[in-house]
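Chemist: Any chance you can model this:
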Amino acid sequence: MILAIILASFYLWQRKISVDLNRVHFQSFNGTQELTVGDIHASASMSQDFSFAGEFKGISIRFDKNNASDVGFVDVSVYDTSHDVLVHRETISSEDVVAGLYHEINFQQAYGFDTDTKYNVVVSSELISPDNAISIWCSNSDVYPGGSLYIAGTKTDGDMNFGVITSGIHEITIAYLVVISILGISLVMLYLIVYVFRAKVHVVFLAVAIPFGLVYSLIMSPGVVPDELAHMDMAYRYSNQIMGINNAHDPAIFYRLTDVENWIVTSQPGAEHYQKLLDTPVWATEGTENKALIAAKTANAHALLYAPSAIGVTFARIIHLGTIPMFYLGRMCNFIIFLLGVYFAIKIAPVGKNIFFASALLPMTMHQAFSFSYDSVMTGGLFFLIALFLRAIYGQECFRLRDKLIIILLCTFFLPGKAIYIFVAAVAFLIPSNKFGGMRQKITFLGGLFLVTGIAYMFVNLNSIATLTTGALPPQHVDRAYDFAYLLEHPFQTVKIFAITLVHNSSYYVKTLVGERLGWLEIYIPTVLVLFSIVITGVAFLHDTWDKLLLRSGMVWHRVVYVSIFALVVLAAMFTMMFAYTRFGSEIIDGVQGRYFIPVLPLLGLVVYCRYIKIDKGILKHLYMAEGVLHFAVLFFLI
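Modeler: Below you'll find the predicted structure:
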């Protein structure tokens, strides 16, 4: 196994990292018009000014031939205008130019200075007529600050589409080595924990989740997880309220000036982005005063779900941590809540331990666990709540007052946070009355549970409920969406829309639950890894932890309740997105993703079990090791 890890790391270095280290530093991309700007022929030329700090070893230009023949030559010259030096000149045959692709012009040796230096790229031609001209792709707007584009000597709006090729960045090289080392050591340690020390499943969970979750957080940098920008803003809002700076509901957020300057986020991270993160200061020695800015988007959840990340952000600001360390401290606080919730859920659950284990270690779950998204906190909290319900239903011990109070507290804390999960409280109906000492005591408990949870739910979601029922819910990303009145007036058409959506999007829901598309659904992992994850989860779901319990009467009814709750969560998510994201008239409900169902996935796992399919208990060790191999492979691919 160690040899396999070494070979995999060497392959990764040769095929991925070394390529990233010799990369294009920045590029100017076209807007929506997809136009080439400027023709190059014997009487015309194009030039672009730009500034750059650091060494680079070449440039990359995107040409277009416009059906030109392979006659003539293109001359590319790069000048250092700050020092009046010709850096490089190269002549390219027209037949070597490939339309629409970048052509690399590599210098004989790296050139550049640590400070901003002004350069000029000049592209001219020989023996090319206007009828046979070559073009260069350009942006529709000015991309490079202080840069100018000239076509045939005339200054033109926009910028040339080109890139600066840099190489050999020391800090990012070390970062890659650290990540590879963490992956390799984690897999070896997991092998020892599973096969040598034979640890229990809740300990194995920590052995997988902590190191691999850390690497997910490094690769999925701040802003990559869906809606994380809004969650970051909300955590900052509540941090301001904790520090007494301003109210969390004010339209403006008071950021430290250093955070305004170093708020570096992206939805598609790469080597260049990672290098920018490494270049930001660890400590905020300057710019700690606050500046009010208007947040572009806010998230809709109550304050308690943001408490962990807000506390992390607040502590980072108090000790004057820099922006990126502040981000990661806020993320880490959410991750700790996730770990604690899942760990104790697995530990106390009398059934379904492996179901909790596999559900918490899906690639989708792991990639959002170490983030500002309150889904991380919600998943840990609901897993623990469901495990408490299962212990009350199937455990041998009595239903203690402490457990009752914890269940009421968790229902009050988590279920109102995302309205679609309110149905989880119905699991309480399955607790046997003898656990309470009689039916009267059970009814009293259920009444108190639903009353307190209902009050908290109405308090948090009253505005949303009001706008939903009155049809005033503003659609997002569409001009007009469906409303509640439509559902009442066209019930059969609504049922048809739901049915078509389920048939059309069922595979998409599975893929976005497992994690085929990570981040903003822009980062794909190979299908073989998705299938591998599904197999691992399926084996965990089918393991015979229910064997003795299924001999009891009433178990079929329990499974009906579990699948009904899961189905209601799915339908509630579809209703929500129908009102907010779906264009009126569409037969497919947009915006629903499988990741919304992760917090209630253990309930579905309890339904899947079949007494006629026997999974030997000896396979569990291999199942646990397979989870580590899965995440090693996923992260290996993402790097």
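
Chemist: drop to CA atoms for contacts and neighbour counts, all remaining ones
Modeler: Noted.

Chemist: Tell me which residue is most central in this protein.
Modeler: With distances taken as Cα atoms, centre = their mean, Val225 lies nearest the centre of the chain, 2.2 Å away.

Chemist: my guess is that residue is in a helix, correct?
Modeler: No. Judged by DSSP: H, G, I helix; E, B strand; the rest coil, Val225 forms no part of a helix; its state is coil.

Chemist: For it, list the residues it contacts.
Modeler: Applying Cα atoms under 8 Å, 6 or more residues apart in numbering to Val225 gives the contacts 267, 367-368, 371, 373, 518-520.

Chemist: I'd like the residues you listed written out as JSON lines, with secondary structure added.
Modeler: JSON lines is the format used below for these (three-state DSSP):
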{"residue": "Ser267", "secondary structure": "coil"}
{"residue": "His367", "secondary structure": "helix"}
{"residue": "Gln368", "secondary structure": "helix"}
{"residue": "Ser371", "secondary structure": "coil"}
{"residue": "Ser373", "secondary structure": "coil"}
{"residue": "Leu518", "secondary structure": "strand"}
{"residue": "Gly519", "secondary structure": "coil"}
{"residue": "Trp520", "secondary structure": "coil"}
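
Chemist: So which residues make contact with stretch 441-450?
Modeler: 408, 411, 425, 428-429, 433, 436.

Chemist: ranges for the strands of this protein?
Modeler: Taking DSSP state E to define them, one finds strands in the chain at 23-27, 36-40, 46-64, 73-80, 85-93, 102-126, 134-137, 149-151, 154-156, 162-166, 252-256, 290-294, 517-518, 523-524.

Chemist: Can you report how many residues lie near Arg400?
Modeler: 11 (other Cα atoms under 10 Å).

Chemist: Next, give phi and psi for it.
Modeler: When quoted as degrees, to the nearest 10, the phi and psi of Arg400 stand at phi -80, psi 160.

Chemist: want to throw the contacts of stretch 441-450 into TSV with pLDDT and neighbour count?
Modeler: Formatted as TSV, the contacts of stretch 441-450 follow (pLDDT from 0 to 100; neighbours: other Cα atoms under 10 Å):
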residue	pLDDT	neighbour count
Ile408	95	20
Cys411	95	26
Ala425	96	21
Ala428	96	20
Phe429	95	15
Ser433	91	16
Phe436	88	20
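
Chemist: can you tell me which two in the residues you listed are farthest apart?
Modeler: Cys411 and Ser433 (20.0 Å; Cα to Cα).

Chemist: Tell me which stretches of the stretch 451-600 of the chain form helices.
Modeler: Taking DSSP state H, counting those that start in this stretch as the criterion, the stretch 451-600 of the chain carries its helices at 484-489, 491-514, 527-542, 555-580.

Chemist: just the stretch 301-450 of the chain next, same as before
Modeler: 307-318, 323-348, 353-360, 363-369, 374-394, 401-414, 439-470.

Chemist: Determine which of those approaches Ile619 most closely.
Modeler: Per Cα to Cα, nearest to Ile619 of the helices of the stretch 301-450 of the chain: helix 353-360, 11.8 Å.

Chemist: pLDDT-wise, which helix or strand of the chain ranks last?
Modeler: The weakest-scoring helix or strand in the chain, judged by mean pLDDT, DSSP states H and E, is strand 23-27 (a mean of 45).

Chemist: sorry, back to before: would you check how far apart the residue nearest to the centre of the chain and Ile324 are?
Modeler: Distance of Val225 to Ile324, computed by Cα to Cα, to the nearest Å: 15 Å.

Chemist: and stretch 436-449, C-alpha only, in CSV?
Modeler: The C-alpha coordinates for stretch 436-449 follow below in CSV (Å, rounded to 0.1, in the frame of the first residue of the first chain):
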residue,chain,number,x,y,z
PHE,A,436,-42.3,6.9,29.2
GLY,A,437,-44.1,4.8,31.8
GLY,A,438,-47.5,5.0,30.0
MET,A,439,-49.4,6.5,27.2
ARG,A,440,-50.4,9.6,29.1
GLN,A,441,-46.7,10.5,29.8
LYS,A,442,-45.9,9.9,26.1
ILE,A,443,-48.7,12.2,24.9
THR,A,444,-47.4,14.9,27.4
PHE,A,445,-43.9,14.6,26.0
LEU,A,446,-45.1,14.7,22.4
GLY,A,447,-47.3,17.7,23.1
GLY,A,448,-44.4,19.6,24.7
LEU,A,449,-42.0,18.6,21.9
